[in-house]
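In: Just the structure for this:
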Amino acid sequence: MKKSLSIVILAAGKGSRMKSSKAKVLHKISGKEMLYYNINESLKLSDDVIVVVAHQKDDVIDAMSKYFNNITFVTQDALNYPGTGGAMMGVKPKNDRVLVLNADMPLVKAEALSGFIDSKKQVIMSIFELENPNGYGRVVIKDNLVQEIVEQKDCKDEQLKIQSVNAGIYAFDNSILEKYIPLLSNENAQKEYYLTDIIKMAKDDNIEIEPLKVDEEYFKGVNSKKDLADAELIMQDRIKSEWMAMGVSMQLPNTIYIESSVVFEGECELENGVRITGDTLIKDSHIKAHSIIEDSIVKNSDIGPLAHLRPASNVEDTHIGNFVEVKKSSLKGVKAGHLSYLGDSIINEGTNIGAGVITCNYDGVKKYQTIIGKNVFVGSDTQLVAPVIVEDNVLIAAGSTITDQKVKSGVLAISRTKMKQIDGFFAKFFKK
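Out: Down below sits the predicted model:
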């Protein structure tokens, strides 16, 4: 049940430490942009989710609009009002409680935010307990209330021993924001407006500030490519653990990559080195070692090892062997054991695809379709030059190049040049 809560996600920063021309929040983890995960979890808690954007704002808005149509975007005036406090200046929450999240925390879960919602205090700030807090501002706590936040460079010797650090997530009564945001100042070395200044002002006015200890796994910030890789490991462990708990078998799961949009149904087995991405459905199937499946549907089939299903493939009741590539094709009841490319194809029940078979689907300008009927035997090293229709019950001889647009039912199709044998050529060729 959603509470009377507004959630503001700060997604305006450049992310210079990412060393990328792409906005930090658009870097992907397990197939989706970092910001997606923040928004998705926030919508589990609130009907009023506000995303503050600035850097590459159009790209950010476009990317998130693919997934969500029930969030509000607010543009920060980052030139005149930079910083986290500046980001909140144009925000108008609808509810009395406001939770402020950072968009670079893609591992956050709705359940991990419950402490911010349930507290009765007017101000709650998140803290980590770190064995080595070097580099972080220290949070001074007394009688389970925040006294102050001290930047490391300003810490006294005793304060340097404090292991409580600011995790960067806050919950406020909206009345607190309305009172103190207009009072924020940028009179500091960075010339920015900081939300942390609200903590100091509220404390000076004798408002109690609750420290909420959070698990670093859920509130881990991503500021560099190394952080991105670390977060990916955690996200992958979550995804695979969830599917294994639901009955998916995985051999050496640490070698398997599964994106967050992938769905499994029934009895499924994944061998080591498998990669499954996009909007893929796997049902009652066995995916063998080092196979790649992208944006495809696989039902009651075995794939691989070392096979590749490219986007828009639909495979059912089918055996796909090693070094077979399928692209934008529908295969039902087919055997394609090895070394084939099947692109832009429809292949029907009982058909056998021999080794080295290629659908020649591209003429350099357009793509064309190959349709193969039922109970067709396609011999090894056959090239099917699309567009072509092969009707039911056809035998295509090995080494044939099929250029007719239709192969009639019941025939043997054969296309070979006559072989020559030239006597004595070997000795002549290699004679020195």
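
In: pLDDT below threshold where in this protein?
Out: Counting by pLDDT under 70, the chain contains low-confidence residues at 1-3, 432.

In: Show me it divided up by domain.
Out: 5-219, 225-413 (automatic domain parsing).

In: which stretches of the stretch 201-350 of the chain form helices?
Out: Here the stretch 201-350 of the chain has its helices, by DSSP state H, counting those that start in this stretch, at 216-219, 225-245.

In: what sits against P182?
Out: P182 makes no contacts at all, as judged by Cβ atoms under 8 Å, 6 or more residues apart in numbering. For the C-beta atoms, the positions are set from N, CA and C on the backbone; glycine is no exception.

In: Just put the domains of the chain in CSV and tack on distance to G424.
Out: What follows is the domains of the chain, written out as CSV (distance: least, Cβ to Cβ, whole Å):
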stretch, distance to G424
domain 5-219, 62
domain 225-413, 26
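
In: Relative to F429, which of those is closest?
Out: Among the domains of the chain, the nearest to F429 by Cβ to Cβ is domain 225-413 (23.9 Å).

In: partner residues bridging the closest residue to Y170 other than its chain neighbours?
Out: Distances taken as Cβ to Cβ, 6 or more residues apart in numbering place V100 nearest to Y170, at 4.7 Å, with adjacent residues excluded. Under DSSP bridges, the beta-bridge partners of V100 are V8, Y170.

In: For V51, grab the count of nearby residues.
Out: V51 has 27 neighbours, counted by other Cβ atoms under 10 Å.

In: Kindly indicate whether it is helix, strand or coil.
Out: With DSSP: H, G, I helix; E, B strand; the rest coil as the basis, the three-state label of V51 is strand.

In: what's it in contact with, if anything?
Out: Neighbour list for V51: 8-9, 11, 35, 39, 60, 64, 71-74, 103 [criterion: Cβ under 8 Å, 6+ apart].

In: measure the nearest residue to it once chain neighbours are set aside to T84 for me?
Out: Nearest residue to V51, sequence neighbours excluded (Cβ to Cβ, 6+ apart): I9, at 4.8 Å. Per Cβ to Cβ, to the nearest Å, I9 is found 12 Å from T84.

In: Would you mind pulling the contact partners of stretch 261-272?
Out: Residues contacting stretch 261-272 (Cβ under 8 Å, 6+ apart): 31-32, 239, 243, 246-253, 255-256, 276-291, 304-305.

In: Just the buried ones from those residues?
Out: Buried members of those, counted by 16 or more other Cβ atoms under 10 Å: 31-32, 239, 243, 248, 250, 253, 256, 276-277, 280-283, 285-291, 304-305.

In: just to revisit the earlier point, the residue nearest to Y170 contacts L10, correct?
Out: Yes: with contacts counted by Cβ atoms under 8 Å, V100 reaches L10, the gap being 6.8 Å.

In: Quick check: G354 touching A397?
Out: No: using Cβ under 8 Å, G354 is not in contact with A397, being 10.2 Å away.

In: what ranges do the strands span in the stretch 51-200 of the chain?
Out: Here the stretch 51-200 of the chain has its strands, by DSSP state E, counting those that start in this stretch, at 72-75, 97-102, 123-129, 138-142, 145-150, 164-173.

In: Could you check how far the fourth one is from the centre of its chain?
Out: Between the centre of strand 138-142 and the centre of its host chain there is 37 Å, according to Cα atoms, centre = their mean, to the nearest Å.

In: Would you indicate which residues of it are buried?
Out: 138-141.

In: by how many degrees do it and strand 145-150 diverge?
Out: Strand 138-142 and strand 145-150 are oriented at 150 degrees to each other (axes from the mean of the first three to the mean of the last three Cα atoms, to 10 degrees).

In: now the third one
Out: For the pair strand 123-129 and strand 145-150, the angle between their directions (the same axes, to 10 degrees) equals 70 degrees.

In: Next, the residues that contact strand 123-129 from outside, please.
Out: 115-116, 136, 139, 141, 146, 163-173, 176, 198-199, 202, 207-214, 216, 219.

In: Nearest to F426 among the domains of the chain would be which one?
Out: domain 225-413 (22.9 Å).

In: Next, the distance between the ends of that closest one.
Out: When the termini of domain 225-413 are compared using Cα to Cα, to the nearest Å, they are 55 Å apart.

In: okay, now E208: neighbour count?
Out: E208 has 15 neighbours, counted by other Cβ under 10 Å.

In: what sits against it?
Out: 121-123, 145.

In: So which of the residues you listed wins on neighbours?
Out: When the contacts of E208 are compared by neighbour count (other Cβ under 10 Å), V123 ends up highest, at 21 neighbours.

In: do you know how far N166 is from E192?
Out: 16 Å.

In: Oops, could you answer that again for V378 instead?
Out: Relative to E192, and taking Cβ to Cβ, V378 is found at 67 Å.

In: out of those two, which sits in the busier spot?
Out: Using other Cβ under 10 Å, the more surrounded residue of V378 and E192 is V378, with 26 against 16.

In: Send me stretch 335-349 as CSV with only the CA atoms.
Out: What follows is stretch 335-349, C-alpha atoms only, in CSV (Å, rounded to 0.1, in the frame of the first residue of the first chain):
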residue,chain,number,x,y,z
LYS,A,335,16.9,-29.5,-36.1
ALA,A,336,19.9,-27.3,-37.0
GLY,A,337,22.8,-29.1,-35.5
HIS,A,338,25.9,-27.0,-36.5
LEU,A,339,27.6,-24.3,-38.4
SER,A,340,24.6,-22.5,-40.0
TYR,A,341,23.2,-19.0,-40.4
LEU,A,342,19.4,-18.7,-40.5
GLY,A,343,18.3,-15.1,-40.9
ASP,A,344,14.9,-13.7,-41.8
SER,A,345,13.4,-17.2,-42.0
ILE,A,346,10.3,-19.2,-41.2
ILE,A,347,11.2,-22.9,-40.9
ASN,A,348,8.5,-25.5,-40.1
GLU,A,349,8.2,-28.8,-38.3
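
In: That stretch: which residues count as buried?
Out: For stretch 335-349, burial by neighbour count (16+ other Cβ under 10 Å) applies to 336, 338-349.

In: centre of the chain versus that stretch, how much separation?
Out: 29 Å.

In: Of the contacts of E208, which pair is most distant in space?
Out: Most distant of the contacts of E208, by Cβ to Cβ, are Q122 and L145, 11.9 Å apart.

In: can I get the strands of the stretch 51-200 of the chain in CSV with distance to V326?
Out: CSV is the format used below for the strands of the stretch 51-200 of the chain (distance: least, Cβ to Cβ, whole Å):
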stretch, distance to V326
strand 72-75, 40
strand 97-102, 41
strand 123-129, 47
strand 138-142, 55
strand 145-150, 57
strand 164-173, 45
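
In: if we compare those, which one ends up closest to V108?
Out: strand 97-102 (6.7 Å).

In: angle of that closest one against strand 164-173?
Out: Going by the same axes, to 10 degrees, strand 97-102 makes 140 degrees with strand 164-173.
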